[in-house]
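Student: quick one, fold the following:
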Amino acid sequence: MTQSSLAQDLEGILGDPDPGARQLALTQIEDLSDPEIIHPLIAAVRDEDPTVRALALGHLEDLGDARAVPAVVGALDDEDARVREAAATALREIRGADAATHLIKALGHTSPFVRTSVIVALREIRDPRALAPLEGALGDPDPEVRREAVLSLAYLRRPESAPALRPSLRDPDARVRQVAIGALESLGARGDTAFVQDLVGLLSDPDWRVRVEAAIVLGRSAHGLAAPHLRSALDDSAWQVRKEAALALGRLRAASATEDLIGLLGSDLADLRKAAAQALGEIEAAAAEAPLRRLLGDADVEVRKAAGRALEAIREGIGRGNARHETFARD
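Tutor: So this is what the prediction gives:
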């Protein structure tokens, strides 16, 4: 096939009744520089053979031409899983203003997989026209669609989306609530009192992963509301939450949590002993010296290292004569 006749020759071969011949033609394509090749490839997306359809989508992915969007979106609803996956992958590589126009229309598709794939593609394109449709997708009946909409709005980093995202903190799906916390933080809500109050409430969420995320972000909030509630979270039923609460209290330099953290040094879990030691070092808690020295003989090497670093930080703090105190942003 020569470059000038590539599209025409490919169209002829893709009309061959033998699916093997059609597959072979698509596997042998090496030159995609002819812009007209897109037409037989789009036609091949409707081929009766799923392998042909998937191969054609692979080439359309390489082309990244917005003219292919309607065909690729249609393939997202294909009966064959390989074709659906190839279409989703191809869609993420297509660029241009026309692509955004077609994708926004496809957000009304009946299939949740199609809507999810379209949302992922829209965030890759970064077209500002997608902002309002993505905010609308936060109310989609499918939780995976809502989750991808939250992630996409975080990825786009447009602070004006924060009010639309706020209700997602109360979404019925735990995965949506979890990603909404990080999304709002990425949009600059970290130190906002109302957001911190939301996070405090989420420390009681029924899903431990949501509680973990809330503790992590509270530790970065530098807000006076955070420490008392993080101290309470040190008694959480999930050890992962207790660990992140301890680390968050360290980041906040919450001296008021010193005794609670010293108690955690006696935990049966090495991860908790290590987190408590690290936090006490960040606080430069002189009262923790004796129990930290005992951890220098801990069976876990990472705990021993954390205790050593904490003792060094405490000694440095004493040497400066400037013990750290809680330094929160307050109203």
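Student: contact partners for residue 292?
Tutor: Contacts for residue 292 (Cβ atoms under 8 Å, 6 or more residues apart in numbering) come out as 265, 277, 280, 307, 310, 311, 314. For the C-beta atoms, the positions are set from N, CA and C on the backbone; glycine is no exception.
Student: isn't there a strand covering it?
Tutor: No. Using DSSP: H, G, I helix; E, B strand; the rest coil, the secondary structure at residue 292 is helix, not a strand.
Student: contacts only, for residue 243.
Tutor: 271, 272, 275.
Student: out of those residues, who's the most crowded?
Tutor: Of all the contacts of residue 243, the most densely surrounded is residue 275 (28 neighbours; neighbours counted as other Cβ atoms under 10 Å).
Student: name the SS class of it, please.
Tutor: From three-state DSSP, the assignment for residue 275 is helix.
Student: quick check: it vs residue 230, distance?
Tutor: 12 Å (Cβ to Cβ, to the nearest Å).
Student: apart from its neighbours in sequence, what residue is nearest residue 56?
Tutor: residue 44 (3.6 Å; Cβ to Cβ, 6 or more residues apart in numbering).
Student: hang on, the one you found packs against residue 53?
Tutor: Yes. Counting by Cβ atoms under 8 Å, residue 44 does reach residue 53; the two are 6.8 Å apart.
Student: average model confidence for the host helix or strand of residue 85?
Tutor: Assigned by DSSP states H and E, residue 85 belongs to helix 81-91. For helix 81-91, mean pLDDT is 92.
Student: hey, where'd the helices end up in the stretch 101-250 of the chain?
Tutor: With DSSP state H, counting those that start in this stretch as the criterion, the stretch 101-250 of the chain has helices at 112-125, 131-136, 143-156, 162-165, 174-184, 193-202, 208-219, 226-233, 239-251.
Student: and of those, who's closest to residue 58?
Tutor: helix 112-125 (15.7 Å; Cβ to Cβ).
Student: for that closest one, name the packing helices and strands.
Tutor: For helix 112-125, the elements it packs on are helix 81-91, helix 97-106, helix 131-136, helix 143-156, judged by 3 or more Cβ pairs under 8 Å, 6 or more residues apart in numbering; DSSP states H and E.
Student: give me the contact list for the shortest one.
Tutor: With contact meaning Cβ under 8 Å, 6+ apart, helix 131-136 is reached by 104, 107, 119, 122-123, 149, 152-153, 156, 158, 160-161, 164-165.
Student: ok so, going back, so how far is residue 169 from the residue nearest to residue 56?
Tutor: 45 Å.
Student: and what of residue 288?
Tutor: 35 Å.
Student: these two: who's more crowded?
Tutor: Taking other Cβ under 10 Å, residue 288 and residue 169 do not tie; residue 288 has more neighbours (25 against 22).
Student: isn't the more buried one up against residue 258?
Tutor: Yes. If you go by Cβ under 8 Å, residue 288 and residue 258 touch, sitting 6.4 Å apart.
Student: anything in contact with each of those two?
Tutor: residue 280.
Student: and residue 138, how far from residue 224?
Tutor: From residue 138 to residue 224 the distance is 30 Å (Cβ to Cβ).
Student: neighbour count winner among the two?
Tutor: residue 138 (22 against 16).
Student: mind listing what the residue nearest the centre of the chain touches?
Tutor: When Cα atoms, centre = their mean is applied to the chain, the residue found nearest the centroid is residue 151 (5.7 Å). When contacts are counted by Cβ under 8 Å, 6+ apart, residue 151 touches 123, 179, 183.
Student: let me know the closest of those residues to residue 36.
Tutor: Closest approach to residue 36 among the contacts of residue 151 (Cβ to Cβ): residue 123, at 30.5 Å.
Student: pretty sure that closest one is touching residue 154, no?
Tutor: No. In this structure, residue 123 is not within contact of residue 154 by Cβ under 8 Å, at 9.0 Å.
Student: the top helix by length along the chain to helix 239-251, inter-axis angle?
Tutor: Longest helix of the chain, by residue count under DSSP state H: helix 301-320. Put simply, helix 301-320 runs at 20 degrees to helix 239-251, going by axes from the mean of the first three to the mean of the last three Cα atoms, to 10 degrees.
Student: so where's the stretch 1-150 of the chain shaky on pLDDT?
Tutor: 1-5 (pLDDT under 70).
Student: which pLDDT value does the model give the closest residue to residue 257 other than its chain neighbours?
Tutor: Spatial nearest neighbour of residue 257, excluding adjacent residues (Cβ to Cβ, 6+ apart): residue 249 at 4.4 Å. On pLDDT, residue 249 comes in at 97.
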